[in-house]
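J.: have a look at this fold, sequence not included:
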């Protein structure tokens, strides 16, 4: 079962190299899907694809970059680099840089839930995401999370 989640913070680390740091999930809070992602759910240092805009690499559009996942505090972070030597990578990086500076885009990720459970959190019935296999992280206009 493939699912997506999203968040909106991105920082351009080196524009000449297409390097970014993007927050794509917050841990320990209830998201709009009724899930709570538990600290440790993401594999630290796991390599990941940066999907074409809007998760379209799932439909066969070439990926636009690569990166690694890190958990820092209560956030899941993509440390990534766009493929600036491709038209798709360069164009997507430009859009991410411009919209991200204005807070007009979000980040989302496609994953399979490897381990999860159900329970109560802050008075709500939720699914606790305990271990995830993340396939891609994607810039999106508006995500589900």
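T.: Here it is on my side, so go on. All values derive from a computational prediction rather than experimental measurement. Numbers count the residues shown, from 1 in each chain.
J.: using the centroid of this structure, identify the residue furthest from it.
T.: If you look at how far each residue of the chain sits from its centre, by CA atoms, centre = their mean, the farthest one is residue 123, at 27.0 Å.
J.: so which bits of the host helix or strand of residue 130 are buried?
T.: Counting by DSSP states H and E, the element that carries residue 130 is strand 124-140. Of the residues in strand 124-140, those scored as buried under the neighbour-count criterion (16 or more other CB atoms under 10 Å) are 126-130, 132, 134-140. (Each C-beta comes from the backbone N, C-alpha and C, glycine too.)
J.: for these, give me CSV that also has pLDDT and distance to residue 113.
T.: Compiled in CSV, the buried residues of strand 124-140 are given as follows (pLDDT from 0 to 100; distance: CB to CB, whole Å):
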residue, pLDDT, distance to residue 113
126, 96, 13
127, 97, 8
128, 98, 10
129, 97, 6
130, 98, 8
132, 97, 6
134, 96, 11
135, 96, 12
136, 97, 15
137, 96, 16
138, 95, 18
139, 94, 22
140, 89, 20
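J.: which one among those gets closest to residue 9?
T.: For those, the residue nearest residue 9 by CB to CB is residue 139; the value is 11.8 Å.
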